[in-house]
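> Just need the structure, nothing else, for what follows:
(one chain, ligands or ions: 1)
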Amino acid sequence: MANPIPQAGRVTFLDGRGELPMLEITTPWSSAEIYLHGAHVTHFQKSGEPPLLFMSQCSRFSPDAPIRGGIPIIFPWFGKPADKPGQHGFARVKVWELKEIHSPADGTVTVRLALPGGAELAAGIAVEYVVTVNSDLTAEFIVTNGSAAAFEFENCLHTYFTVGDIGAVSVAGLKGVDYLNQPTAFSRHTDNDDVIRVASEVDRAYLNTAHAVEIRDASLRRVIRVEKEGSRSTVVWNPWIAKAKAMPDFGDEEYQTMICVESGNVASDAIKLLPGETSRLKVKLSSRPA
Ligand code: TA6
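Below is the predicted model:
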């Protein structure tokens with residue numbers, strides 16, 4: 001009997017939550033969702049597994065607010081610098097333009113989006129985002145400096161992952177790396193532990209590291225692997241109890257079933273792009289049984 005023809009990937013364009021336009025993607029291995037609002041990947045799930053990405057049940061889906069979960073695109077600044085309006089830049093609350101959908105016969109689906117130019121960015125700064133869905137999820141954030149001046153920015157794919165029980169999670173790959181600790185006014189520390197475990201608020205920006213990171217989830221018996229290129233920073237965040245309660249778009253108990261492992265270039269790892277240069281930040285998210 002001939003091998004079954006692999007199903008092609010399928011993309012449906014529809015109104016999602018809050019009537020925001022979104023792409024619904026299915027492949028032979030997985031399903032995913034991408035909203036044009038923030039070019040926000042809100043869902044990725046491999047067949048037979050729990051969702052890989054966490055989405056808060058309390059998230060807003062409105063044009064003037066970021067979506068709480070999935071992969072927020074943080075650009076052109078991280079956190080809340082004194083001279084900037086708002087936290088984590090504006091890319092995650094802009095409506096991105098859909099540029100291309102590619103779904104070859106092997107079943108993979110690739111979507112390319114572009115951040116529209118606007119007053120916030122110098123003319124000539126081009127920003128694109130390419131998401132590839134198959135048995136893994138790959139996201140690449142691309143900035144090209146077509147202006148005549150250097151362009152300095154921070155970027156971060158602020159990814160929320162689903163875990164079964166935060167108390168049964170360990171994060172490996174950052175031993176020996178220095179980090180800035182947000183809960184203690186960004187004091188600098190070296191992580192000498194073999195793995196990170198979460199039993200209180202964790203908000204750490206690890207610097208000068210290109211390491212892959214693994215989230216070991218003993219509850220769901222799954223290992224999530226975060227590989228990255230073009231990234232020197234990894235941020236690890238769990239809000240824990242008080243911060244969870246303080247966020248209106250996040251459930252009080254949801255800290256127990258999520259962790260953020262974010263890949264980008266923040267603080268001293270910020271990027272200075274000279275005229276004509278291109279920056280590529282790429283993450284590959286995969287999972288395997290533990
Ligand atoms: O990545 C960690 C962090 O900077 C935390 O300090 C927390 O603020 C989180 O991002 C979420 O930020 P947001 O603006 O999405 O509420």
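
> Pull out the buried positions in the strand ranked longest in the chain.
Of all the segments assigned as strand in the chain under DSSP state E, the longest by residue count is strand 278-289. Along strand 278-289, the positions that meet the burial threshold by neighbour count (16 or more other C-beta atoms under 10 Å) are Ser279, Leu281, Lys282, Val283, Lys284, Leu285, Ser286, Ser287. For the C-beta atoms, the positions are set from N, CA and C on the backbone; glycine is no exception.

> what lines up beside that strand in the sheet?
Neighbouring strands of strand 278-289 in its sheet, by DSSP bridges, are strand 137-145 (antiparallel), strand 222-229 (antiparallel).

> Contacts for that strand, please.
The contact list for strand 278-289 (C-beta atoms under 8 Å, 6 or more residues apart in numbering) reads 44, 46, 49, 52, 135-145, 155, 157, 159, 221-231, 263-265, 271, 273.

> Among those residues, the buried ones, what's the PyMOL command?
If you want just the buried ones from these in PyMOL, going by 16+ other C-beta under 10 Å, the selection is:
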select buried, resi 44+46+52+136+137+138+139+140+141+142+143+144+145+155+157+159+222+223+224+225+226+227+228+230+231+263+264+265+271+273
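
> got the residues of the stretch 101-250 of the chain near the ligand?
His158, Gln182, Asp203, Val235, Trp237 (C-beta under 6 Å from any ligand atom).

> for those, which one is nearest Leu98?
Using C-beta to C-beta, the shortest approach to Leu98 within those belongs to His158, at 21.6 Å.

> Work out for me the element the closest residue in space to Ile196 that isn't next to it in sequence sits within.
Counting by C-beta to C-beta, 6 or more residues apart in numbering, Ile196 lies nearest to Val171, which is 4.1 Å off, once chain neighbours are set aside. In this structure, Val171 is located in strand 169-172 according to DSSP states H and E.

> Within the sheet, what are the partner strands of that strand, with directions?
For strand 169-172, the paired strands and their directions (DSSP bridges) read strand 195-196 (antiparallel), strand 213-217 (antiparallel).

> Please work out which of these is packed deepest.
Between those, strand 213-217 has the highest mean count of neighbours, a mean of 21, where neighbours are mean count of other C-beta atoms under 10 Å.

> Can I get it in PDB, CA atoms only?
This file holds the C-alpha atoms of strand 213-217, laid out as PDB (Å, rounded to 0.1, in the frame of the first residue of the first chain):
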ATOM      1  CA  VAL A 213      17.400  25.700  28.400                       C
ATOM      2  CA  GLU A 214      15.200  22.700  29.400                       C
ATOM      3  CA  ILE A 215      12.100  22.800  31.500                       C
ATOM      4  CA  ARG A 216      11.700  19.500  33.200                       C
ATOM      5  CA  ASP A 217       8.000  18.900  34.300                       C
END
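
> before we move on, back to that, what would the strands paired with strand 278-289 look like in JSON lines with mean pLDDT?
As requested, those are exported to JSON lines (pLDDT from 0 to 100):
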{"stretch": "strand 137-145", "mean pLDDT": "98"}
{"stretch": "strand 222-229", "mean pLDDT": "98"}
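
> between those, which one is nearest to Asp252?
In terms of C-beta to C-beta, the element of these nearest to Asp252 is strand 222-229, at 24.2 Å.
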